[in-house]
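J.: model this:
(chains A and B)
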Amino acid sequence: MALNLKKWFNIRESLQMLTDVDSSSNRYRLFQRNIRVLMIVLTIVPLSMMALINYHLYHGSLKQEMIDPAKLLVSKTRHSFEFFLNERQSLIKSISHFYSLNELSDEKKLNHILFILKKEFIGFVDLGLINGSDGAQIRYVGPYNLLGKNYANQDWFQEVTLKGTYISDVFMGYRKFPHIAIAVQRLEENGESWILRTTIDTTMFDNLIAAMGLDAESDAFILNKEGIFQTNSRLYGKVLEQCPLKIPAGGHATYVDERKDPGGNDVFLAYTHLTYPDYTLVIVKPKSTVLKTWYALKSDLFLVFLASSILIVIVVFRLTGIMVNRIREADHNREIAFRELQHHHKLSSIGRLAAGVAHEINNPLAIINEKAGLIKDLIQYTPDFAQKEKFSTLLGAILQSVSRCRTITHRLLGFAKRMEVEVETLELNELIEEVLGFMEKEALYRNIDIGLELAKDLPRIDSDRGQLQQVFLNILNNAMAAVEDEGRILITTWEKDADTVAVSIQDNGCGMSEETCRHIFEPFFTTKKEHGTGLGLSITYGIVKKLGGNLEVKSKEQEGTTFKIFLPIKSKL
Amino acid sequence: MDRMKILLVDDEHEFVTTLAERLELRNMNVSIATDGEAALGVVENDPPQVVVLDVMMPGLSGLEVLEKIKGMDSKIQVILLTGHGATKDGIRGMQLGAFDYLIKPIDIDELIEKLNEAVKNMG
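T.: Predicted structure coming up:
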């Protein structure tokens, strides 16, 4: 938490840094890094939490889904077992009630009963009639010769005498195949007792377990209360062997348990205790089988999580990249606009100053002009005198200087006027010549030929002098920058139609690529790198549009560029 | 031919006297005034053919004086003198009935040309 808070403060710091006017790109990197970390933390943490919660919920519900059928199966099978045993026990009990001792002592009769039992019910092997007082077998029908065998000392005999009924654990006995014995005691009214005993083949147990329809990896078996196998176990041993798994005794519900089996496998147990006899039915499923779906789901879950995380990281990186770039661009633009504004302010104060100076100088200049003119007149009207020629020359020089001063003040005033927006009727040709005046020196110095083909009867147009001056100044500046020394710039004006005049400014400079041409009127587009603001032509374009005109550019690399400016004769402003 | 009768109006005394002298040298009848009130007085008492009128003057401005002169006698021609930055004033003046406007400092030959044209314009 403390770490997160720290990060949050870092973001604030970096935001703070961004608002400072500092051009180092480091702060953007830092800002970008912090935003990225924050965004990733903010997205991945909830995603991880969701994934964890889902993991547990799914795990729980899937397990339950596996457990419930197993429990149901165990309890169903238990009922089948109980039914099977009860049925046989009841049969024996019924026989002991339906027939008297004498009847059962008749071997033929007993054989007949066994025959019926074998025919109608599965599992009956033999029937024996045992004396209740001494444990001697009175009568026996079945595959073995057990007549006369004495059971008096055996546990089951004690138990049946005590409880009246008995179901044994599985045993091999004399017969060398697993079977159980069921015995019931019959008490005669005279106090004598006898016992009817039958042996039941436990193949039926195996059938019942097979009927559970378990998969190949799973196992199911019956244990007695000592944990001895009553049926064969696929995994843990044969019938009558000790089961290595310890199953808790007691209770008649269905229980579920997870543990490691002696082989070290994670297994999942479902078991239940039969009511009588004291058997335990156990299902063992390897966890891997039970949770196979879960493992598949888990890997799906993990894949989804991984994919989402990667997606988030990519999106965050791209988004922050774009965002920070936007901020950087906005900052850059703002800085440029700010500089431009400053520049404009500077220009406009210079403009006001220039206008003031020009006005103030204009009056004395007019006086000098008139005084010199008067002297010139006087000399002219006076007959020849010594050094008349010399005086004339000197006066000519004064008047010429005055004229130069006049040009300067006019230019200053024109420059000052550029700052205001007002429409007047003006001579376009005159205005172009005026603007060219600013570049005369440079053109002369670089030996650039500026050709003028100005239409003589060009109609006067309603437009803003200052703004137009700026338009031509910008385009001519670009042309001057494009041409080499001794290059050529041609300026042509003509009347395009009744409403429009046109100016073309053509240079034979380096020209522009199509790509550059497409962008030159966009703000902040510059090919002059650090020297240009990228605003000149966009401002130019803006002004021409504002004045109701149009601006076209044609350029070919290494051949030159032509700008065409179309201006309305009647202002729409 | 009668001498051309001109009134020069400009608040700059040195300018107006010198220019008057130059025009007189060219055989013109020149009177001067250094403000609008004085100019209107001259026009009333001794109407000239052409008034050369500075636009920027303290008190009555050139354009106000122009309107008044035109009100008194529309036949009197007025040529305005403006600073360079005030082309708009020149145009406004022409809308008010001025014959033309010149930008200071002026060229004497150009002024004389305009004066001649103005007189012709009177008919």
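J.: which bits of chain B sit near chain A?
T.: Counting by Cβ under 8 Å from any Cβ of the partner chain, chain B comes close to chain A at B:12, B:14-15, B:18-19, B:21-22, B:25-26, B:83-85, B:87-88, B:91, B:103-106, B:108. (C-beta placed from N, C-alpha, C; glycine too.)
J.: now the worst-scoring helix or strand of chain B on mean pLDDT, how far from the centre of its chain.
T.: When the helices and strands of chain B are scored by mean pLDDT, DSSP states H and E, helix B:87-95 comes last with a mean of 80. Offset of helix B:87-95 from its chain centre (Cα atoms, centre = their mean, to the nearest Å): 14 Å.
J.: starting at the chain centroid, how far to the next helix or strand after it?
T.: As assigned by DSSP states H and E, the chain's next helix or strand after helix B:87-95 is strand B:100-103. Put simply, strand B:100-103 sits 10 Å off its chain's centre (Cα atoms, centre = their mean).
J.: what residues does the next helix-or-strand element following strand B:100-103 touch?
T.: The helix or strand immediately downstream of strand B:100-103 is helix B:108-122, counting by DSSP H and E. The contact list for helix B:108-122 (Cβ atoms under 8 Å, 6 or more residues apart in numbering or on different chains) reads A:373, A:377, B:4, B:6, B:22-23, B:26, B:28, B:49-50, B:52, B:75, B:77, B:79, B:99-100, B:102.
J.: in stretch A:293-301, which residues are buried?
T.: A:294, A:297, A:301 (16 or more other Cβ atoms under 10 Å in any protein chain shown).
J.: now do the helices in the stretch 251-400 of chain A.
T.: Secondary structure of the stretch 251-400 of chain A (DSSP state H, counting those that start in this stretch): helices at A:287-290, A:292-381, A:388-417.
J.: turn the ones you listed into TSV, including distance to chain B and mean pLDDT.
T.: Shown next, in TSV, are those (distance: least, Cβ to the nearest Cβ, whole Å; pLDDT from 0 to 100):
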stretch	distance to chain B	mean pLDDT
helix A:287-290	98	76
helix A:292-381	4	85
helix A:388-417	4	81
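J.: need those in TSV with distance to residue A:227, can you?
T.: Shown next, in TSV, are those (distance: least, Cβ to Cβ, whole Å):
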stretch	distance to residue A:227
helix A:287-290	22
helix A:292-381	29
helix A:388-417	113
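J.: which one, of the ones you listed, ends up nearest to residue A:135?
T.: helix A:287-290 (49.3 Å; Cβ to Cβ).
J.: show residues contacting the closest one.
T.: Under Cβ under 8 Å, 6+ apart, the answer for helix A:287-290 is A:63, A:66, A:70, A:215, A:217, A:218, A:258, A:265, A:266, A:267, A:268, A:295.
J.: can you go through the contacts of helix B:108-122 and name the buried ones?
T.: Buried by 16+ other Cβ under 10 Å: A:373, A:377, B:4, B:6, B:22-23, B:28, B:49-50, B:52, B:77, B:79, B:99-100, B:102, out of the contacts of helix B:108-122.
J.: so which of the contacts of helix B:108-122 are in strands?
T.: Using DSSP state E, the subset of those located in strands is B:4, B:6, B:28, B:50, B:52, B:77, B:79, B:100, B:102.
J.: kindly indicate which of those residues lies nearest residue A:245.
T.: Using Cβ to Cβ, those come closest to residue A:245 at residue B:102, 125.0 Å.
J.: around chain B, which positions in chain A sit nearby?
T.: Checking chain A against chain B by Cβ under 8 Å from any Cβ, the hits are A:355, A:358-359, A:362-363, A:365-371, A:373-374, A:377-378, A:381, A:402, A:406, A:409-410, A:413-414, A:416-417, A:422, A:424-426, A:465.
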